[in-house]
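> Here's my sequence, what's the structure:
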Amino acid sequence: MKDQIKIVKPGSFNHEDHWYPKALNATIHPMVNFFLNLDKKRIVSRYCHLHPTVDRDKLIALLSYQCKYFLWSGSDLFNATSEDGNRQMVVIENNSCPSGQKSMPLLDDNKEEGSYKLLLERTFKHYLKPKQGVPRLHGGLAVIYDKNHMETSGYAAVMADVFDEEVFLIEYYDDNENDHIKIENGIFHVYYNDCWHPLRAMFRYVTQKPWNRLPLHSKTKILNPIVACLAGGRNKMVAAKAYDLFNSELQQFGLKINMPETIWDISKAEIPLWVSKLGGHAVVKIPYSNAGQGVYTITNQQELDAFMETDIQYERYIVQSLIGNYNWSSRSKEGKYYHVGTMPDKNGSTFVADIRMMLSSTAEGIKPLCIYSRRALQPLAENLEASSDSWGMLGTNLSIKLGQNEWGSDTNRLILMDRRDFNKLGIGLDDLIEAYIQTVLSTIAIDKMCVNLYNSKGKFRMKLFNSLNNDATLLNEIML
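From the prediction side, this is the model:
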């Protein structure tokens, strides 16, 4: 049990322990640095100059929005183009409790704690400020995690410095051996040195089915609270509905969340019908998976058959139009977007690459924290039939599951925002601004869904959630 808990003391932060080796001495690209230092007014002025139909006051209000539940987000976006050649950043998903700090070069070499400290000072510390009329909860601070020790230990070390107190770093896996944590009267306790210690707040990096270990109601403050996952941060089904609802509100202001065509609430038996309707090319997703798990690119009958043979316990899926090569368009009849991809390498090969944009909610609005990119393993084929492995060509996630509670990363495909790598992406300042605004919009959409899922008395509206996500297997996993 003791091995599952570590005490992190102030002054223990070591820069080398919390970044990938290739990012340790990387120099931030000047354009990325410039973007991250732009103020709200300049971003809005530039965006509205390029998009004259956008309501300036509304965009300012959106960038100034303070999230209530979804306080820390990271969207995955594709740089894509439509048939008319219009370039857009397309939101693939927005993640609650995202990774990215270990891949981000420092903005200032003299501030070695980087955006670990920005997130904890601007968001977590602000989140813990006691509200008027609410009794202050006493107890310790903790970082809980089920993967990504490199970053979570970094958060714990910086938290110890920011709050000037010892911090618990706690493993919390999806299994039955979690007797080092208990909940009494809504307060989390951790067992350490033969004693139960109450916790006043926890910084969470629990990403694998977090709703089966963390309750919807807790006196111990949790960032992000679990509703952020169920409302879209780890639930692609509800996220798609949240985006659709918010787009209805945004339409009159000239704004929208760009996303692939999405069909939700699909049973497994229906999937071949929808794949056929999308021209035989589609992406099938288990809505509640992450780290690249549960995503299936379908480009031929063999891949569809292989998916249909998988043994998956969930009852509802989503199907999305495939973002592919423009030359595949004759078969992707309802395809809306096509990959721009990386700049061609010395062999003339272009790779699919995504962009992760991490943000957090602050007292001044939603601000960017860090950015990185990942490319696919194989180059984008001109002729789809030339590749027998569409996931190798279209999948960008770096996570590799090595075993029970053990993960690795294929960092060879990591593209940093540094002087060497950034130019490979073929994007510019306006693309970064577009990625930021798309992430803000999708974050707000999910936060609004979180708000709607609680009634005026602060109770979770399970009937509403059930109507949004009628999957009995998922509902049985939720810890109330």
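> Please name every helix or strand in contact with the helix or strand harbouring residue 200.
Using DSSP states H and E, residue 200 falls within strand 195-205. Under the contact criterion of 3 or more Cβ pairs under 8 Å, 6 or more residues apart in numbering; DSSP states H and E, strand 195-205 touches strand 140-145, helix 149-163, strand 187-192, strand 221-223. For glycine as for every other residue, the C-beta is placed from the backbone atoms N, C-alpha and C.
> And the average pLDDT for the biggest helix by length in the chain is what?
Counting by DSSP state H, the longest helix found in the chain is helix 429-452. Averaging pLDDT along helix 429-452 gives 98.
> re earlier: and for the strand holding residue 200, what's in contact with it?
Applying Cβ atoms under 8 Å, 6 or more residues apart in numbering, the external contacts of strand 195-205 come out as 97, 120, 124, 127-128, 137-148, 151-152, 155-156, 159, 168, 182, 187-191, 210, 214, 220-224.
> What values do phi and psi take at the residue nearest to residue 458 when sequence neighbours are not counted?
Distances taken as Cβ to Cβ, 6 or more residues apart in numbering put residue 217 closest to residue 458, at 7.8 Å, once the chain neighbours are dropped. Dihedral pair for residue 217: phi -120, psi 130, per degrees, to the nearest 10.
> tally of neighbours for residue 217?
Residue 217: 14 surrounding residues under other Cβ atoms under 10 Å.
> Start the count at 12 instead of 1 going forward.
Taking 12 as the first residue, the last one we looked at is residue 228.
> Touching, it and residue 468? I think so.
No - judged on Cβ atoms under 8 Å, residue 228 makes no contact with residue 468 at a distance of 11.2 Å.
> The strand holding residue 211 to helix 160-174, inter-axis angle?
Angle of strand 206-216 versus helix 160-174, following axes from the mean of the first three to the mean of the last three Cα atoms, to 10 degrees, is 110 degrees.
> So residue 141: helix, strand or coil?
coil (DSSP: H, G, I helix; E, B strand; the rest coil).
> you'd agree it is up against residue 232?
No - here residue 141 lies out of contact with residue 232, judged by Cβ under 8 Å, at a distance of 10.1 Å.
> who's more crowded, these two?
residue 232 (17 against 9).
> which stretches of the stretch 212-361 of the chain form strands?
Taking DSSP state E, counting those that start in this stretch, the strands of the stretch 212-361 of the chain run over residues 232-234, 273-277, 293-296, 306-309, 328-332, 349-350.
> Any chance of CSV for those strands, columns mean pLDDT?
Putting these into CSV (pLDDT from 0 to 100) gives the following:
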stretch, mean pLDDT
strand 232-234, 97
strand 273-277, 94
strand 293-296, 94
strand 306-309, 92
strand 328-332, 94
strand 349-350, 90
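> Out of these, which gets nearest to residue 92?
When those are compared by Cβ to Cβ, strand 349-350 sits nearest residue 92, at 5.5 Å.
> Run the chain-centre distance for that closest one.
Taking Cα atoms, centre = their mean, to the nearest Å, the mean C-alpha location of strand 349-350 is offset from the chain mean by 21 Å.
> Beyond that strand, next helix or strand please.
Taking DSSP H and E, what comes next after strand 349-350 is strand 364-373.
> That following strand pairs with which strands, parallel or anti?
strand 83-92 (antiparallel), strand 376-386 (antiparallel) (DSSP bridges).
> From the contact counts, what lies against the following helix or strand past the longest helix of the chain?
As assigned by DSSP H and E, the chain's next helix or strand after helix 440-463 is helix 473-479. Applying 3+ Cβ pairs under 8 Å, 6+ apart, one finds that helix 473-479 makes contact with helix 247-261.
> mind exporting the helix it packs on as CSV, just the C-alpha atoms?
Provided in CSV are the C-alpha atoms of helix 247-261 (Å, rounded to 0.1, in the frame of the first residue of the first chain):
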residue,chain,number,x,y,z
LYS,A,247,-17.4,11.5,-27.1
MET,A,248,-21.1,10.7,-27.3
VAL,A,249,-22.3,13.6,-25.1
ALA,A,250,-19.5,15.8,-26.4
ALA,A,251,-20.9,15.6,-29.9
LYS,A,252,-24.3,16.6,-28.6
ALA,A,253,-22.8,19.4,-26.5
TYR,A,254,-21.1,20.8,-29.6
ASP,A,255,-24.3,20.5,-31.7
LEU,A,256,-26.3,22.3,-29.1
PHE,A,257,-23.8,25.1,-28.6
ASN,A,258,-23.4,25.5,-32.4
SER,A,259,-27.1,26.4,-32.5
GLU,A,260,-26.4,29.2,-30.0
LEU,A,261,-23.3,30.4,-31.9
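> Secondary structure element for the residue sitting nearest the centre point of the chain, which one?
A centroid search over the chain (Cα atoms, centre = their mean) returns residue 106, at 2.0 Å, as the residue closest to the centre. Assessed by DSSP H and E, residue 106 sits inside strand 98-107.
> That strand: which residues count as buried?
By neighbour count on 16 or more other Cβ atoms under 10 Å, the buried set for strand 98-107 is 99, 100, 101, 102, 103, 104, 105, 106, 107.
> One more: stretch 281-290?
Buried-residue list, stretch 281-290, by 16+ other Cβ under 10 Å: 282, 283, 285, 286, 289, 290.
> Name the residues that touch stretch 53-65?
Here stretch 53-65 makes contact (Cβ under 8 Å, 6+ apart) with 67, 70, 71, 74, 264, 265, 266, 441, 444, 445, 447, 448.
> and with 6 Å instead?
With Cβ atoms under 6 Å, 6 or more residues apart in numbering as the test, stretch 53-65 has contacts from 67, 70, 71, 265, 266, 444.
> now stretch 365-383
Stretch 365-383 is contacted by residues 47, 74-78, 82-89, 109, 111, 114-115, 126, 129-130, 133-134, 137, 384-385, 407, 428, 446-447, 450-451 when judged by Cβ under 6 Å, 6+ apart.
> and if you look at stretch 448-464?
By Cβ under 6 Å, 6+ apart, the surrounding residues in contact with stretch 448-464 are 76, 78-81, 84, 86, 100, 102, 105, 238-239, 242-244, 253-254, 257, 268, 368, 370, 377, 472, 476.
> Show me the two of the buried residues of stretch 281-290 that sit farthest apart.
Largest pairwise distance in those, by Cβ to Cβ, is 14.4 Å, between 282 and 290.
> re earlier: would TSV of the helices and strands packed on strand 206-216 with distance to residue 39 be doable?
Output for these, formatted as TSV (distance: least, Cβ to Cβ, whole Å):
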stretch	distance to residue 39
strand 151-156	26
helix 160-174	18
strand 198-203	37
strand 232-234	26
